[in-house]
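Visitor: kindly generate the corresponding structure for this input.
(one chain, ligands or ions: 1)
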Amino acid sequence: MLQSNTRAWVRIDRNAILHNMKEIRALISDSTKIMAVVKANAYGHGDTVIAKLLENHGIDTFAVSSVDEALNLRRVGVTGDILILGYTPSVHFHYLAEEDLIQNFLSYDYAVKLNEFAAHHQVQIRGHIKVDTGMGRLGIRYTDEEDHYEEIKKIYDLSFLKCEGLFSHFSVADEQDEQNLKYTAHQNELFQDVIKRLKKDGIDPGKCHIQNSYGILNYKMNYDYVRPGLLILGVTSDDQIPIHSHPDFIPALSWHANISYVKTVEKGSSISYGRHYICDRQTKIATCSIGYADGVPREASNKNMCVLVHGKRCPIIGNICMDQMMVDVSEVEDVKEGDVITLVGSQQNEQIKIDEWSRCVHTINNDMLCRITSRVPRFYTRLKNE
Ligand SMILES: Cc1ncc(COP(=O)(O)O)c(C=O)c1O
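Guide: The predicted structure follows:
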């Protein structure tokens, strides 16, 4: 496919990514390493480019959601450790050994299955055990009500598995109310408890980790790894959620499109499918070459959501179409075909953050970033010293 910036594109600031890594480093203890979470194509930023950039700058451990994502990284030459956070189906077990990947040992039965495969093929499979301390997703349950410690312990004995770590995941590390603070503290206590019991039983739990981005922002802990995804990209889930620390993150992503056509229509004209927008005055309209097939949420139609044109905020009017959308540029002078609009990012003194889009469509930045589709080419800035 032609990768040009004549229609719509995303720009990723690689210097911002490196800056954000320094900010994360400043928040964690010296002995803690960063496991860079680059799953879901690094939340739409481009997993291979981001992982290579980080590997060239000292990061040697990555996390992805699936074996396919892990193979993507290997194909571009990422040599560091790669933890697969999700489930790998048995037809793909062979990749784990062949590509030296680290699998989430997400339950005892699953670990037994992996061990049988490894024994049959006389290979060793590396992994970290997932303990579910209250997220309720993957992992061996270890809560006040369900103590499956013995299952965790038994995985360390499976002779064809190399159990190199233990991890858990917070479910409300972003919340600051008393109940949720207590819940997170208790998840951490349960995780600590498993570590202590293993040590007492003479088992080295391996590398331990539990903190995602909000875990890093809101809690001082001292595990072997932290697992940030969002923070590397310079955003949080929602900029209105209060956080405990005040780091200086720079959003790495900006999002742009071109104007394909400018016209002035008379009062009473209807714009786009469904005729949901009727001009209440003579209106200058820019048609922009971007739409919901590029990831612009259709739910943002007629919600007064703005884009930047010549540094001014201009509202999207009418229903957002698959490949195009219309913007009221009546207040902007000299707008013409080929001018660049900014959906996310800055123009002159104005800025639109991804958070505005997320709020408009009632979601979080994680989701909004992942919605930018693959047909939108990603361009990467040069590093300062390149
Ligand atoms: C298990 C696990 N760890 C770490 C992360 C990274 O989270 P965040 O992007 O909030 O840092 C995720 C993301 O959802 C995750 O599922």
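Visitor: longest strand in this protein, please.
Guide: The longest strand of the chain (DSSP state E) is strand 253-265.
Visitor: buried set for it?
Guide: 253-260, 262 (16 or more other CB atoms under 10 Å). In short, each C-beta sits where N, CA and C put it, glycine included.
Visitor: and it, what does it pack onto?
Guide: Applying 3 or more CB pairs under 8 Å, 6 or more residues apart in numbering; DSSP states H and E, one finds that strand 253-265 makes contact with strand 8-12, strand 283-288, strand 340-347.
Visitor: please name the nearest non-neighbouring residue to the most centrally placed residue in the chain.
Guide: Compute the mean C-alpha point of the chain, and by CA atoms, centre = their mean the closest residue is Tyr43, 3.6 Å away. Excluding the flanking residues, the one nearest Tyr43 by CB to CB, 6 or more residues apart in numbering is Leu369, at 4.5 Å.
Visitor: and whatever helix or strand the one you found lives in, what does it pack onto?
Guide: Element membership for Leu369, per DSSP states H and E: helix 365-370. For helix 365-370, the packing partners by 3+ CB pairs under 8 Å, 6+ apart come out as helix 39-44, helix 230-233, helix 354-360.
Visitor: all helices for this protein, in order.
Guide: All helices of the chain, identified by DSSP state H, fall at 14-27, 39-44, 47-56, 67-75, 93-98, 108-121, 149-155, 178-200, 213-218, 230-233, 354-360, 365-370.
Visitor: pretty sure Ser237 sits against Leu230.
Guide: Yes. Counting by CB atoms under 8 Å, Leu230 is a contact partner of Ser237 at 6.7 Å.
Visitor: more neighbours: the two, which one.
Guide: Leu230 (22 against 18; other CB atoms under 10 Å).
Visitor: so how far is Thr79 from the closest residue to that one other than its chain neighbours?
Guide: Nearest residue to Leu230 in three dimensions, chain neighbours excluded: Ser213, at 4.4 Å (CB to CB, 6+ apart). Distance, Ser213 to Thr79, using CB to CB, to the nearest Å: 25 Å.
Visitor: these two: which has the busier surroundings?
Guide: Ser213 (25 against 10).
Visitor: ok, the more buried one - contacts?
Guide: 228-231, 236-237 (CB atoms under 8 Å, 6 or more residues apart in numbering).
Visitor: cutoff 7 Å now
Guide: Shown in contact with Ser213 (CB atoms under 7 Å, 6 or more residues apart in numbering): 228-231, 236.
Visitor: and it, what's its pLDDT?
Guide: In this model, Ser213 is scored at 97, pLDDT.
Visitor: same thing with the one 10 residues further on?
Guide: Note on Tyr223: pLDDT of 98.
Visitor: equivalent analysis for Tyr292, please.
Guide: On the pLDDT scale, Tyr292 gets 98.
Visitor: swap in His244?
Guide: Reported pLDDT for His244: 88.
Visitor: neighbours of the closest residue in space to it that isn't next to it in sequence, just the number please.
Guide: Among residues not flanking His244 along the chain, Asn218 sits closest, at 4.5 Å (CB to CB, 6+ apart). Using other CB under 10 Å, Asn218 has 20 neighbouring residues.
Visitor: over to Arg126?
Guide: 20.
Visitor: in this structure it contacts Gly165, no?
Guide: No. Contact between Arg126 and Gly165 fails when scored by CB atoms under 7 Å: they sit 9.1 Å apart.
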